[in-house]
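K.L.:
Curious how this folds, go ahead:
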Amino acid sequence: MYHADGRVIIQDHRRAKEWIVFGHPEDVANLLDQLVQRGLFDLDQDQFGTPCASCLTYHLAARHEDRERAIRVDTPPWMTASQLPRDLGPLRYTIAQLQIAVDSIVATYPPGVVHLPTPTPTPPSFQFGPSRVVGDLDVAVAPPLIVTELPGTPVLRPERGRFLVVPLRIGNRSSAFQQLAASSTFGEGLRDSRGRRYEAGVAISNRYAELHGLTSFAFYKLPPWSVVQGVLVFDVPADARGFRLTVQDADPPTSNPPMIVIELPEPQ
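P.N.:
Next up, the predicted model:
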């Protein structure tokens, strides 16, 4: 049984065992979309296949908008989509995917509570400009991105008008760790052509980085001799233009230069 909050309950009645899987709400929404698109609500009967002693029985029940539908499907064990009754149509493939997912969980985890790991998204690619050196840091920027909200719980929305996502590639040119932080390395923040100043948002930088498999430079310890791609996110007005980012060395004031100002390309 799939719940809208992402929980999945798997019950093995023969052995009186149960798995409570904590997954992701978007997976449940995608499954419901599949059931709708593959014709669950258009079937002309409620039972498919022939019951047998070794059969697996699937009870599929779903509610979508103002429609509800429940069907029963009896299948041989370890079936494939091609073994399911043909009158199920494209729905056969969804049922086969469900069995694969159930078999994987049952084989991998003991009965009880299961927390599925969050999949790591594939990081986007950026076109970085030339590098600038500040102290022990080597810094390059790519054209910023405009975002109107960041999904999650809760959904994050800009207070000033839009989120400006600044992609950064930062290298550590020393044999020591370098501590990057919104309050120090980027403490001067971002300024626009009118001189207005904006601080990097820790929560929004962390959320964007998490969603896209990147590093948040709002707080990050950069290992020696390493190069990392990440982001800072700023909440800026819709009319702001001509952004300049100030970057300070992680260990001022002994560095030379202790600070640089980078003019950002126009947002994409």
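K.L.:
Sketch out the low-pLDDT regions of the protein for me.
P.N.:
Applying pLDDT under 70 to the chain flags the ranges 78-79, 117-120, 252-256.
K.L.:
And the residue nearest the centre of it?
P.N.:
Compute the mean C-alpha point of the chain, and by CA atoms, centre = their mean the closest residue is residue 211, 3.4 Å away.
K.L.:
where's it, which helix or strand?
P.N.:
Element membership of residue 211, judged by DSSP states H and E, is helix 202-212.
K.L.:
Who are the packing partners of that helix?
P.N.:
On a contact count with 3 or more CB pairs under 8 Å, 6 or more residues apart in numbering; DSSP states H and E, helix 202-212 meets strand 161-172, strand 215-216, strand 227-237. (Each C-beta comes from the backbone N, C-alpha and C, glycine too.)
K.L.:
That one to strand 161-172, inter-axis angle?
P.N.:
70 degrees (axes from the mean of the first three to the mean of the last three CA atoms, to 10 degrees).
K.L.:
how about the strands of the stretch 101-250 of the chain, start to end?
P.N.:
Using DSSP state E, counting those that start in this stretch, the strands of the stretch 101-250 of the chain run over 112-115, 132-134, 137-141, 145-147, 161-172, 178-181, 190-191, 197-198, 215-216, 219-222, 227-237, 244-248.
K.L.:
Tell me which stretches of the stretch 51-200 of the chain form helices.
P.N.:
Using DSSP state H, counting those that start in this stretch, the helices of the stretch 51-200 of the chain run over 91-108.
K.L.:
Figure out which of the helices and strands packed on helix 202-212 is closest to residue 180.
P.N.:
With respect to residue 180, and counting by CB to CB, the nearest of these is strand 161-172 at 6.9 Å.
K.L.:
Okay, buried residues for the closest one please.
P.N.:
Applying a neighbour-count criterion of 16 or more other CB atoms under 10 Å, one finds 162, 163, 164, 165, 166, 167, 168, 169, 170, 171, 172 buried in strand 161-172.
K.L.:
Mind listing the strands it pairs with, and their directions?
P.N.:
The pairing partners recorded for strand 161-172 under DSSP bridges are strand 137-141 (antiparallel), strand 145-147 (antiparallel), strand 227-237 (antiparallel).
K.L.:
Number of residues surrounding residue 260?
P.N.:
Number of residues near residue 260 (other CB atoms under 10 Å) recorded here: 16.
K.L.:
measure it to residue 44 for me?
P.N.:
Separation of residue 260 from residue 44 (CB to CB, to the nearest Å): 69 Å.
K.L.:
and if you look at residue 153?
P.N.:
Taking CB to CB, one finds residue 153 at 40 Å from residue 44.
K.L.:
returning to that earlier point: can I get the strands of the stretch 101-250 of the chain in a markdown table with distance to residue 30?
P.N.:
Below are the strands of the stretch 101-250 of the chain laid out as a markdown table (distance: least, CB to CB, whole Å):
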| stretch | distance to residue 30 |
| --- | --- |
| strand 112-115 | 19 |
| strand 132-134 | 43 |
| strand 137-141 | 35 |
| strand 145-147 | 22 |
| strand 161-172 | 25 |
| strand 178-181 | 36 |
| strand 190-191 | 36 |
| strand 197-198 | 36 |
| strand 215-216 | 27 |
| strand 219-222 | 32 |
| strand 227-237 | 26 |
| strand 244-248 | 37 |
